[in-house]
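Visitor: here is a sequence together with a model predicted from it:
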Amino acid sequence: MSLKVILNSWCAVAVAIVAVSGCSGVKIPPLGQVGGIVTLDGQPLTKGQVQFLPDSSKGTKGRMAVGIIGTDGRFSLTAFKPGDGALVGFHKVVIICEEDMPTFDPNPKVGMQPPKSLIPIRYTDANTSGLSAEVKSAAKNDFTFALESRPPSK
């Protein structure tokens, strides 16, 4: 997933949060509180982002939910307002963890390089991550996403 897509996603979430918080009478769909932990090779991931993307192939449609991964590997999702969770239903899950700053290559043909992913790139795309979750309204939605540096064995 490119930096542009990530920034667009964040912008869309920010605009939606402002729009919803400023409008009365807006009906918010059913949500479930969602949190959990992300590990890489058995150790907590110390930064990054978790994205829950509604899986329309399983009947879940609407807004994605996003959470920042803390230094202890834990996250809490936001869809409309901070900490409110994610839409009830099925989601594809994406994890993003990158170096802090993009690098610059003085070669004019190369220019700015996107930040380097600190986890295998397969986890940054909903079609290749292999991660999914079902959010339930009255359940404890506490997920563990155990990422592995090596590709899964066949």
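Guide: Nice, I can see it.
Visitor: so which residues of this protein form helices?
Guide: For the chain, the helices defined by DSSP state H occupy 3-22.
Visitor: pLDDT weak spots in it?
Guide: In the predicted model of the chain, residues 1-25, 101-105, 108, 110-112, 152-154 satisfy pLDDT under 70.
Visitor: any idea which residue sits dead centre in it?
Guide: Most central in the chain under C-alpha atoms, centre = their mean is residue 51, positioned 1.6 Å from the mean C-alpha point.
Visitor: which residues touch that one?
Guide: Residue 51 is in contact with 9, 64-66, 93-96, counting by C-beta atoms under 8 Å, 6 or more residues apart in numbering. Bear in mind the C-beta positions are built from the backbone N, C-alpha and C, glycine included.
Visitor: again, but for residue 60
Guide: If you count contacts by C-beta under 8 Å, 6+ apart, residue 60 has them with 54, 87-91.
Visitor: and residue 52, by the same measure?
Guide: Residue 52 neighbours (C-beta under 8 Å, 6+ apart): 34, 64-66, 77, 86-87, 91-93, 133, 135.
Visitor: give me the beta-bridge partners of it?
Guide: Beta bridges link residue 52 to residue 65, residue 93, judged by DSSP bridges.
Visitor: now residue 74, nearest residue through space, not along the chain?
Guide: residue 37 (5.2 Å; C-beta to C-beta, 6 or more residues apart in numbering).
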